[in-house]
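>>> based on what follows, work out the 3D shape:
(one chain, ligands or ions: 1)
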Amino acid sequence: MSESTVQIALVLPDLLGTYGDFGNAVVLDKRMKWRGISSEIVTVNFGEPVPETCDIYVVGGGEDTAQTLAVRHLREHPGLQRAVTRGATVLGVCAGIQIFGESFTRADEITHPGLGLIDSTSHAGGSRAIGEVLAKPAHGLFDGVLTGFENHQGRTVLGPAARPLAHVTVGTGNDGKNEGAVQGKIVCTYLHGPVLPRNPALADMLIEWATGRKVEPLELPAVTQMRAERLKAAGQRAEV
Ligand code: GLN
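Below you'll find the predicted structure:
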């Protein structure tokens, strides 16, 4: 491990790994290596301390019980919160957006404190949001349409310090209007897929934030084809 190796912390994949969310770490790692940037994945399992020196932190989704265990662990081992203070880049997916907020109220109506990294609160909605999502990135953050698959009961309300990642055109996201959140170098989304293989422009935005340098586009025909198929599937759902 050299000084210049970009470290990607894969945080609690044993608790928060719905729909292969660990793939987000793999995509960040591969997209850096393919460009000659030295990188490595540091896996942090439940029960282990969370390092505070990594460059990117990736947190996935999970059931209410799993996310409650996860938030307790992260509060007891505050490496991620310290890394954010240092300016680390963070991606939180689904349960991730909920535990990064001020609090989340589960389907059993019990409210738990979050990590307070994002100005947001989450609460269980009356129905489960399931299906393909399309959303338009907000503030010109990255090019193209954000696509992914959602499966969550929680709904998220953003406070003034957080801004939406995107605006929903198909699906539910946070509340039927906004999708995800951005605050500093923390990006949250409700989207699985995993989200980064499906949205290479978002992956590259995170890499640029973490490395502080611009990266050249990568031509990957399989990724282009997958995006076209997913966008078509979501578009068809919109027409039903
Ligand atoms: N348990 C949360 C909910 O249902 C998050 C689900 C998820 O991460 N897929 O809202």
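>>> near the ligand, which residues of this protein?
Contacts of the chain with the ligand, taken as Cβ under 6 Å from any ligand atom, map to 18, 61-64, 67, 94-95, 151-154. No exception for glycine: its C-beta is placed from N, CA and C like everyone else's.
>>> ok, of those, which come out buried?
Buried residues within the residues of the chain next to the ligand, counting neighbours by 16 or more other Cβ atoms under 10 Å: 18, 61-62, 64, 67, 94-95, 152-154.
>>> for the longest strand seen in the chain, packing partners?
Using DSSP state E to assign secondary structure, the strand with the most residues in the chain is strand 120-137. Packing contacts for strand 120-137, counted by 3 or more Cβ pairs under 8 Å, 6 or more residues apart in numbering; DSSP states H and E, involve helix 95-100, strand 103-105, strand 146-158, strand 166-170, helix 221-239.
>>> please pull out the lowest mean pLDDT helix or strand from the chain.
helix 221-239 (a mean of 84; mean pLDDT, DSSP states H and E).
>>> could you dump the buried ones among the residues of the chain next to the ligand into a markdown table with pLDDT and distance to residue 221 added?
Output for these, formatted as a markdown table (pLDDT from 0 to 100; distance: Cβ to Cβ, whole Å):
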| residue | pLDDT | distance to residue 221 |
| --- | --- | --- |
| 18 | 86 | 28 |
| 61 | 96 | 29 |
| 62 | 95 | 33 |
| 64 | 94 | 39 |
| 67 | 96 | 36 |
| 94 | 97 | 29 |
| 95 | 95 | 33 |
| 152 | 97 | 32 |
| 153 | 96 | 37 |
| 154 | 97 | 36 |
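>>> find the closest residue to the ligand in this protein.
When scored by Cβ to the nearest ligand atom, the chain has residue 61 as its residue closest to the ligand, at 2.6 Å.
>>> which intervals of this protein have sub-threshold pLDDT?
Counting by pLDDT under 70, the chain shows low-confidence ranges at 1-3, 237-240.
>>> give me that answer again for 90
When residues are selected by pLDDT under 90, those of the chain lie in 1-3, 18-19, 230-240.
>>> quick revisit: which SS class is the residue of the chain closest to the ligand?
Judged by DSSP: H, G, I helix; E, B strand; the rest coil, the three-state class of residue 61 is coil.
>>> quick one, what contacts it?
If a contact means Cβ atoms under 8 Å, 6 or more residues apart in numbering, then residue 61 has 16-19, 21, 67, 93-96, 151-152, 192 as its contacts.
>>> repeat that with 7 Å
Shown in contact with residue 61 (Cβ atoms under 7 Å, 6 or more residues apart in numbering): 16, 18, 21, 93-96, 192.
>>> same thing with residue 5?
Applying Cβ under 7 Å, 6+ apart, the residues near residue 5 are 38-40.
>>> repeat the analysis, applying 10 Å as the threshold.
32, 37-40, 55 (Cβ atoms under 10 Å, 6 or more residues apart in numbering).
>>> still on that earlier bit, tell me which of the helices and strands packed on strand 120-137 is the most buried.
Of the helices and strands packed on strand 120-137, the one with the most neighbours on average (mean count of other Cβ atoms under 10 Å) is helix 95-100, at a mean of 30.
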